[in-house]
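Novice: let me see the structure of the following:
(chains A and B)
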Amino acid sequence: MKDPIIQLKGLTKQYGRVKAVDGLNLDIDKGEIFGLLGPNGAGKTTTILMMLGLTDPTSGTAFVCGHNATSSPIQVKRKVGYMPDSVGFYDNMTALENLMYIGRLNGVPERELKERSAEVLEIVGLAADQHKKTSAFSRGMKQRLGLADVLIKNPDVIILDEPTLGIDPTGVRDFLALIKQLSRQQGLTVLLSSHHLHHVQQVCDRVGIFVNGKLLAQGDISALSAQLFGTDSHVTSIRLAQAVLQPWPLEPELRAWEAVTQFSIHENELEFTSKSDLTAALVRFLVEKGCDVIGVNQKNYGLDDIYQKYFESNSTKNTNHEKSIF
Amino acid sequence: MVHKGIADHIRSWRFAILIALIVLTFIASMYVSLANIKSATGNTKDPDHLFLYLKLLTTTDNSIPPFHVFLSFLAPLLGISLGFDVVNSEQNSGTLTRLVAQPIYRDNLLLAKFVSALVIVSGLFFALALLMIGGGLVLTGVRMEPQELLRILGFIVITIAYVAFWLSLSIMLSILFKQAATSALTAIGIWLFFTIFYQIVINLVVKSFLPDPAYLTQAQVIGYNDLILNLQRIAPGQLYSDAVTTLLMPSVRSLGPVTMEQMAGAIPAPLPLKESVMIVWPQVSGLLASTVSCFALAYFLFMRREIRS
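Specialist: You can find the predicted model right below:
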């Protein structure tokens, strides 16, 4: 049993009558990358602020690295690097100067400061631009500098608030790869908040879905889909060359399969929902029966579906989870 | 942080402009007073005529006001310009979030802002005062009385306290308002109110219930006079000019009205430094108190403020 490095217990924050965060319980283990996923205004930033002691929870406690974030924020901030969603720098200073300033505030000794700053800039890939003023930086470069800023204090935990906001797809990929690499190399715990599913899906070990201040589900992606769609979540759709003529002679035979829980036909498309993975068996069966299979698609539930599902169930309580992938 | 704050101020344009303004007024008033210094020190009827260096600061031929009167206008401007955007500009550029996420106490942040501006202002004024003393020594060759030096230093300290008041007020406003322009305008509004309108308002208010002075006894006249003076002393500018006048003009022995009985038998002679300080002590403590209360309010507002970008 690992000791969680971030422990939130019944964390609640109320603004007037609105509950921004409502009774949040969350454990994050050392060395994992946790994605906090939720739409805008779900309370992600508020949660992060409470973890850093930047705002006081209405009730509940946040323990980060063994310190209570509300009563001893300084200890927490020493261990935790936080990158806000719109990170800003002093425009009249160069990247290196900005970084050294933050290093100085973190008590990095003056002798090592320059060396260490250059080292961190090297890691994030800004070594060539270190003497440029930050006002000339692009959004992606600022984001990288923000990461450098976080790394200079040698943190145990990195908290990134919407780190992929506003950077182009290549930039996002590189940035996320960098985060993942850092986390693996240095054993950093990363908490990443985003409303962008695919980014989260790329790097996170575990995901928490956060809507209206409540953590609806957490776990890795397969656990989430199992939790959500039940165990019968294998969907195979098979496309045939010709439209299936009704009544189809094979239909009763297929219905008789024990593992198949649902079976539907739309023109030349067959869709099977089954308890176990039947794709290979189904194709073999159909080919033996002389059907011309032209396409087979195995549906894996991605975060997209999970996300969608939660919004659906959150807004309309709709249980329909059959989504066409075409 | 103080280090960076000071560097920021020195590099900024507006500080350069204000320094230029203050140095210019300093030179102008020095020039005028140097031109008139002969007649001022030669005037044996004036009990202060022997204090050459104090005369340098206060003498004028009425073409321009003396330096300390200039300062009572410019010092607030200096304080406001150094403080009005210290917190909200950082907040708007997103650097404040980054700062508060570092392992430093928030009060240090605020204190660093305050101290760095104050260090600069003190440096400026001490430099000016020492320049003036040095220049006076070179030009006139007159030996300086220790009392004069102490009075001039006192003047500088009170000026700094006055700037500190406006500085802490504007820092408070910069925490209160998200837009730098709003806080600057509010600070300038307060400054204008106190320098121009406050006296008018007080006069209007007192006039509305003041009976015809012809029917009043002397004690009542003095009472009303005191009331007006005390109301005016709510304005920090009034406190400042009271304090500075007393320090720079040793013959000023009271800031309120003086009756004939009190004046009878008094020899028009300069007061010793200790007595002058005794007279201005309430003013000085008033200034300091308002500075501290502004700062405390700023502190209170800032400590529990939730900082979001």
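Novice: which parts of chain B sit against chain A?
Specialist: B:1, B:4, B:8, B:11, B:93-95, B:97-105, B:304, B:306-309 (C-beta under 8 Å from any C-beta of the partner chain). Where you see a C-beta, it was placed from the backbone N, CA and C, and this is true even at glycine.
Novice: restricted to helices, list those.
Specialist: Judged by DSSP state H, the subset of the residues of chain B next to chain A located in helices is B:Lys4, B:Asp8, B:Arg11, B:Ser93, B:Thr95, B:Thr97, B:Arg98, B:Leu99, B:Val100.
Novice: can you name the residues that contact the fourth one?
Specialist: When contacts are counted by C-beta atoms under 8 Å, 6 or more residues apart in numbering or on different chains, B:Ser93 is found next to A:Gly88, A:Phe89, A:Tyr90, A:Asp91.
Novice: which ones among those residues also lie next to chain B?
Specialist: Answer for the contacts of B:Ser93 near chain B (C-beta under 8 Å from any C-beta): A:Gly88, A:Phe89, A:Tyr90, A:Asp91.
Novice: the last one and A:Ser135 touch, don't they?
Specialist: Yes. Counting by C-beta atoms under 8 Å, A:Ser135 is a contact partner of A:Asp91 at 3.8 Å.
Novice: and of the contacts of B:Ser93, the nearest to A:Glu119?
Specialist: Nearest to A:Glu119 out of these is A:Phe89 (C-beta to C-beta; 18.9 Å).
Novice: got the contact list for that closest one?
Specialist: A:Ala95, A:Asn98, A:Thr134, A:Phe137, A:Lys142, A:Leu145, B:Ser93, B:Gly94, B:Thr95, B:Arg98.
Novice: repeat for B:Tyr240
Specialist: B:Ser72, B:Ala75, B:Ile158, B:Thr159, B:Tyr162, B:Gln283, B:Leu287.
Novice: in a helix, that's where the third one is, yeah?
Specialist: Think B:Ile158. Yes. Under DSSP: H, G, I helix; E, B strand; the rest coil, B:Ile158 sits within a helix.
Novice: from B:His68, how far off is it?
Specialist: In this view, B:Ile158 and B:His68 are 9 Å apart by C-beta to C-beta, to the nearest Å.
Novice: for stretch A:259-275, buried residues please.
Specialist: Of all the residues in stretch A:259-275, those buried under the rule 16 or more other C-beta atoms under 10 Å in any protein chain shown are A:Val260, A:Asn268, A:Glu269, A:Leu270, A:Glu271, A:Phe272, A:Thr273, A:Ser274.
Novice: for chain B, what's its nearest residue on the stretch 201-326 of chain A.
Specialist: A:Gly213 (15.9 Å; C-beta to the nearest C-beta).
Novice: and that residue, how many residues sit next to it?
Specialist: Neighbour count of A:Gly213, defined by other C-beta atoms under 10 Å in any protein chain shown: 23.
Novice: can you check the one 5 residues further on too?
Specialist: Applying the criterion other C-beta under 10 Å, we find 21 residues in the vicinity of A:Gln218.
Novice: need the contact list for B:Ser39.
Specialist: Contacts of B:Ser39 by C-beta under 8 Å, 6+ apart: none found.
Novice: in a strand, it, correct?
Specialist: No. Secondary structure of B:Ser39 (three-state DSSP): helix, not part of a strand.
Novice: let's see the pLDDT reported for it.
Specialist: Predicted confidence (pLDDT) at B:Ser39: the value is 77.
Novice: any idea how far it lies from B:Thr60?
Specialist: In terms of C-beta to C-beta, B:Ser39 sits 12 Å off from B:Thr60.
Novice: from B:Ile188, how far off is A:Thr58?
Specialist: 39 Å.
Novice: nope, B:Gln102 is what I was after
Specialist: Counting by C-beta to C-beta - B:Gln102 and B:Ile188 are separated by 33 Å.
Novice: repeat that for B:Ile279.
Specialist: Taking C-beta to C-beta, one finds B:Ile279 at 31 Å from B:Ile188.
Novice: returning to that earlier point: just among the contacts of B:Ser93, which is most surrounded?
Specialist: Most surrounded of those: other C-beta under 10 Å gives A:Phe89, at 25 neighbours.
Novice: let me see the backbone angles for that one.
Specialist: phi -130, psi 160 (degrees, to the nearest 10).
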